[in-house]
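[1] compute the structure for the input listed below.
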Amino acid sequence: MPSERDLFANFERMRREIDELFGDVFDRGPLAGRRQFSPNVDVYYCGKPPRAVVKAELAGVDVEDVGLEIRGRQLIIQGARRAQESEGRLYQQVEIPHGPFRRVVELGADVVADEATATYDDGVLRVEIPIATPEEEKRQVPIAREQNGDG
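    Numbers count the residues shown, from 1 in each chain. Coordinates of the predicted model:
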């Protein structure tokens with residue numbers, strides 16, 4: 001039986017192949033020749049208390065142009081990488097993609113969105129979100145006793 005690590009390695013390889021396949025399809029369409037920027041991300045879980053950590057490569061992106069949102073088990077990173085000044089330049093090659101981006105990161109656990117923190121250093125955005133523990137997922141609801149004048 002394959003180890004758990006092998007299963008994830010195969011999954012990652014399949015994901016890359018699918019990305020390449022769909023990338024080729026889109027390159028033949030009306031956006032041919034124009035690369036869209038989508039930041040690469042790492043997602044891992046660590047710590048006590050446990051937390052999800054998402055690191056996104058955002059080199060060349062001004063932190064003021066980035067927005068973060070948490071919806072359920074999704075972290076949404078959106079923003080824009082601005083094109084460099086091109087006046088007076090004759091480009092031989094243009095490979096650094098720019099423009100708006102939106103990356104949805106699926107998290108593998110319920111999180112406590114209100115306690116998320118984010119830092120931006122040297123082109124890397126780091127978002128830490130505490131994992132919800134079973135105690136945080138449930139809440140006791142008090143039952144109010146109605147005041148009757150009959151009694």
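
[2] from here on, just use CA atoms for contacts and neighbour counts.
    Noted.

[3] and the residue most central in space within the chain, which of the three is it?
    Here the mean C-alpha position of the chain is nearest to the C-alpha of Val105 (C-alpha atoms, centre = their mean), at a distance of 3.5 Å. Recorded secondary structure, Val105: strand (DSSP: H, G, I helix; E, B strand; the rest coil).

[4] so what pairs up with it in the strands?
    Leu75 (DSSP bridges).

[5] could the C-alpha coordinates of stretch 106-113 be exported in CSV?
    Backbone C-alpha positions of stretch 106-113 (Å, rounded to 0.1, in the frame of the first residue of the first chain) are rendered in CSV as follows:
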residue,chain,number,x,y,z
GLU,A,106,-9.2,25.9,0.6
LEU,A,107,-8.3,25.2,4.2
GLY,A,108,-8.6,21.7,5.6
ALA,A,109,-10.2,22.6,8.9
ASP,A,110,-12.7,25.0,10.5
VAL,A,111,-10.9,28.2,11.6
VAL,A,112,-11.5,31.1,14.0
ALA,A,113,-11.6,34.0,11.4
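
[6] burial measure for Val104, as a count.
    13 (other C-alpha atoms under 10 Å).

[7] how far away is the residue nearest to it when sequence neighbours are not counted from Gly99?
    Residue nearest to Val104 in three dimensions, not counting chain neighbours: Ile76, with 4.6 Å by C-alpha to C-alpha, 6 or more residues apart in numbering. Relative to Gly99, Ile76 is positioned 17 Å away (C-alpha to C-alpha, to the nearest Å).
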